[in-house]
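*Asks:* need the 3D shape of this:
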Amino acid sequence: MPPDPSNDIKIMASPLKEESPTVLMGFPGSGLVGSIALQYMVDQLDFPLIGNMTSKYFAPFAMMAKGLINVPVRIYEKPPLVAIVADIPIHPMICYEVANGIMDWLDPYHPREVVTLAGVVTNEPEKRVFGVATSEEALARIQELTQFLPVGSISGIASSILTECKVRNVPGIGLLGETVNAPDPRASAVTLGVLNRMYNLDMDMQPLLDQAEEIESTMHRLAEEVLQSAEVSQKRENLPMYG
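*Replies:* Take a look at the predicted model:
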């Protein structure tokens with residue numbers, strides 16, 4: 001049964017203080033780039049929590065911190081910015097409904113622009129940020145800050161949100177951090193650096209980079225342990241059998 005956005009996507013939030021806000025969105029995807037980046041931003045800059053989004057089609061999942069439950073999709077506002085941050089991936093079957101629910105809620109506030117943060121997996125070791133936009137004017141805003149792919153596609157909730165922006169004539173921008181299929185704070189930091197410059201946020205990125213080094217060190221250690229375990233298993237297989 002397909003979702004009915006009027007009943008199945010529920011946004012409960014205080015009225016926005018800002019008329020024509022800039023709206024930033026980060027949902028889990030490749031490298032968790034968007035969700036890591038925006039959660040770091042709202043924590044660093046003390047964005048007040050003003051509401052949340054729920055749906056019976058969301059995965060049964062909630063984050064805990066110091067004994068307190070966090071709703072998986074949260075809404076923050078610190079004028080002129082609104083941030084929508086998610087801990088759960090949005091299933092492809094409901095991306096359209098979620099994107100419509102968000103944009104319907106935003107419509108009365110006439111958003112100035114919508115920026116989605118996501119990850120893109122490549123075969124390169126760099127941490128570039130690729131930019132996409134819904135109009136030439138929006139693209140011009142990021143041409144000095146990102147790289148453009150000559151051709152390609154994006155998928156998931158970020159693509160649905162940008163498509164809705166295009167249809168509704170709301171300027172939309174997508175920032176795609178180059179990443180791997182593992183939690184990637186370094187890609188999040190580089191992508192967040194673009195936001196830093198776009199909106200003069202004056203964020204301290206060092207704690208996020210320190211977290212990246214810690215995760216990379218842990219992953220490197222785990223890779224070595226797996227390799228050593230495989231070598232030991234191989235040696236055992238090569239032992240002569242007697243009996």
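
*Asks:* C-alpha only now, for contacts and for neighbours.
*Replies:* Noted.

*Asks:* need the contact list for the spatially most central residue of the chain.
*Replies:* The residue lying closest to the centre of the chain (Cα atoms, centre = their mean) is Gly34, at 1.7 Å. The neighbours of Gly34, taking Cα atoms under 8 Å, 6 or more residues apart in numbering as the test, are Met25, Gly26, Phe27, Pro28, Thr116, Leu117, Ala118, Gly119, Ser188.

*Asks:* so which one among these has the lowest pLDDT?
*Replies:* Ranked by pLDDT, those bottom out at Pro28 (87).

*Asks:* let me know how buried it is, in neighbour terms.
*Replies:* 23 (other Cα atoms under 10 Å).

*Asks:* checking my notes, it in a strand, right?
*Replies:* No. Checked against DSSP: H, G, I helix; E, B strand; the rest coil, Pro28 lies outside a strand; its state is coil.

*Asks:* check contacts around it.
*Replies:* Pro28 sits next to Gly34, Ser35, Ala86, Asp87, Ile88, Pro89, Ile90, Ala118 when contact means Cα under 8 Å, 6+ apart.

*Asks:* with Leu106 instead?
*Replies:* Contacts of Leu106 by Cα under 8 Å, 6+ apart: none found.

*Asks:* and it, how far from Ser35?
*Replies:* According to Cα to Cα, to the nearest Å, Leu106 and Ser35 sit 20 Å apart.

*Asks:* and the next element down the chain from the helix or strand of the chain with the lowest mean pLDDT?
*Replies:* For the chain, counting by mean pLDDT, DSSP states H and E, helix 5-8 ranks last in confidence among helices and strands (a mean of 60). Per DSSP states H and E, helix 5-8 leads on to strand 9-13 as the next helix or strand towards the C-terminus.

*Asks:* that next one: partners in the sheet, and parallel or antiparallel?
*Replies:* strand 49-55 (antiparallel) (DSSP bridges).

*Asks:* hey, where'd the helices end up in the protein?
*Replies:* 5-8, 33-44, 95-106, 136-142, 156-168, 185-199, 206-238 (DSSP state H).

*Asks:* TSV for those, including distance to Ser20?
*Replies:* Converted to TSV, these look like this (distance: least, Cα to Cα, whole Å):
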stretch	distance to Ser20
helix 5-8	24
helix 33-44	19
helix 95-106	9
helix 136-142	16
helix 156-168	14
helix 185-199	15
helix 206-238	30
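
*Asks:* out of the ones you listed, nearest to Pro60?
*Replies:* helix 5-8 (14.5 Å; Cα to Cα).

*Asks:* and stretch 28-39, how far from the chain's centre?
*Replies:* Its chain's average C-alpha position is 3 Å from that of stretch 28-39, according to Cα atoms, centre = their mean, to the nearest Å.

*Asks:* ugh, wrong one, I meant stretch 202-218
*Replies:* 17 Å.

*Asks:* other residues contacting that stretch?
*Replies:* Applying Cα under 8 Å, 6+ apart, the set of residues contacting stretch 202-218 is Tyr40, Met41, Gln44, Leu45, Asp184, Pro185, Arg186, Ala189, Gly193, Asn196.

*Asks:* from Thr54, how far out is the fourth one?
*Replies:* The one in question is Leu45. 25 Å.
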